[in-house]
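Participant: Using only what follows, build the 3D model:
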Amino acid sequence: MESRVLFVSIEIPIIITKNDLEKEFPGLILTTIEKSLVGEIANDKFIFTTSFGVITFCNFSHDEIKSFLQRLKIKEAPHYQTALVNQDYPMIIDALYEKPLIDTHTIKYNKFNKSVASIISLALSQSVGLEIREKSLENKMQESKKLYEKIENIKANDRKNLMSFAGSIAKERFEILSQLYLLDKPDIVWDDIELESLYNQLALQLELKSRFEVIEYKISFLKESVEFITDRVNQKSSEFLEWIIICLIVIEILFSTYEYIIKPNF
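Facilitator: Residues are numbered from 1 along each chain as shown. Coordinates of the predicted model:
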C-alpha cells in the first residue's frame with residue numbers, strides 16, 4: 001500500500017540546540033549525523049537540525065511547522081514559505097520500489113526509517129544551506145562591483161574596509177567547507193549501498209556538486225578582485241609616500257642651499 005511523507009527544509013536565523021528540542025518535545029531521543037541532530041517525534045515523524053541554520057521537518061503539516069517556528073520566536077514563521085529560504089521534497093513509500101528512485105519531483109522507495117529520513121533531510125538541508133550561501137555571495141558580488149566602480153577614487157584609508165571584506169569572503173568559504181560537509185559522503189552510508197545510492201541520487205537531483213563548484217568559482221573571483229583592489233590601494237599608498245620623500249628631499253636641498261650658498265653671501 002502506498003503512503004506519502006513530505007520533507008520541508010527551512011532557513012532559520014537561529015541555531016536550535018539540543019536543549020531547545022528536548023524542551024519542546026519531552027522524552028525526545030536525539031542522535032547525531034554529521035554534527036546535526038535528528039529526533040523521532042512520533043512514528044514516521046522526524047525533525048532534523050543542522051549547525052548551519054537549517055531545520056528539516058519530516059511528515060509535519062504546514063500549520064505544525066508554523067506553530068513550531070512561532071514558539072521559537074521566529075518572526076517570519078507565519079509566512080516562512082515566502083520570507084525564508086525553503087525547499088520541500090515529497091516521498092512515496094511503496095513496495096514496488098525495491099531500490100531508491102528519485103526524479104525532480106519525488107523520492108520513491110520501499111522503506112522508510114530514521115536512517116532514510118536522516119539522509120534525505122541532510123541532502124535537503126545542504127541544498128538550502130547552499131542557496132543561503134548563494135544569496136550571500138550575490139550580495140558580495142554587488143559589493144565587489146561597487147568597489148570596481150570607485151577604484152580610481154579609492155584611498156589608502158579604505159584598506160581597513162577591504163581587509164574586512166576579504167575576511168568575510170574567507171569566512172564564507174570556511175563555513176561552506178566546515179559546516180555543509182559537501183566534500184565527504186555521510187558516515188551513515190558507508191556500510192549501506194542503498195542509502196549511498198539514495199544520497200548520491202539526491203545530491204545529483206539537487207545539483208549539490210555543480211552548485212558548490214559555482215560558489216567556489218565566485219569565491220575565487222571575489223578573492224582575486226579584492227587582491228587587485230588592495231594592490232591598487234597599496235600602489236596609491238606607495239605613490240603618496242614617494243611624493244612625501246621627494247618633498248622632503250626638495251626641502252632638504254632648499255635648506256642646504258640657503259645654509260651653504262645664500263646665507264654666507266649676506
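
Participant: Just the pLDDT for residue 194.
Facilitator: Model confidence at residue 194, given as pLDDT, is 86.

Participant: ok, now residue 240?
Facilitator: The per-residue pLDDT reported for residue 240 equals 63.

Participant: Could I get the full set of helices for the stretch 1-150 of the chain?
Facilitator: 18-24, 62-71, 80-83, 114-149 (DSSP state H, counting those that start in this stretch).

Participant: Name the residues of the last one that are buried.
Facilitator: Translated: helix 114-149. Residues 114-133, 137, 140, 144, 147 are the ones in helix 114-149 that count as buried (16 or more other Cβ atoms under 10 Å). To be clear about C-beta, it is placed using only N, CA and C from the backbone, and glycine gets the same treatment.

Participant: wouldn't residue 86 be in contact with residue 54 here?
Facilitator: No: the criterion here is Cβ atoms under 8 Å, and residue 86 misses it with residue 54 at 9.2 Å.

Participant: These two: which is more packed in?
Facilitator: More crowded of residue 86 and residue 54, by other Cβ atoms under 10 Å: residue 54, with 31 against 20.

Participant: which residues does the more buried one contact?
Facilitator: By Cβ atoms under 8 Å, 6 or more residues apart in numbering, the contact list for residue 54 reads 9-12, 125, 128-129, 132.

Participant: same check, this time on residue 58
Facilitator: 5-7, 44-48, 117, 120-121.

Participant: Tabulate the helices of the stretch 1-150 of the chain (JSON lines), appending mean pLDDT and distance to residue 197.
Facilitator: Putting those into JSON lines (pLDDT from 0 to 100; distance: least, Cβ to Cβ, whole Å) gives the following:
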{"stretch": "helix 18-24", "mean pLDDT": "82", "distance to residue 197": "30"}
{"stretch": "helix 62-71", "mean pLDDT": "91", "distance to residue 197": "29"}
{"stretch": "helix 80-83", "mean pLDDT": "91", "distance to residue 197": "30"}
{"stretch": "helix 114-149", "mean pLDDT": "86", "distance to residue 197": "10"}
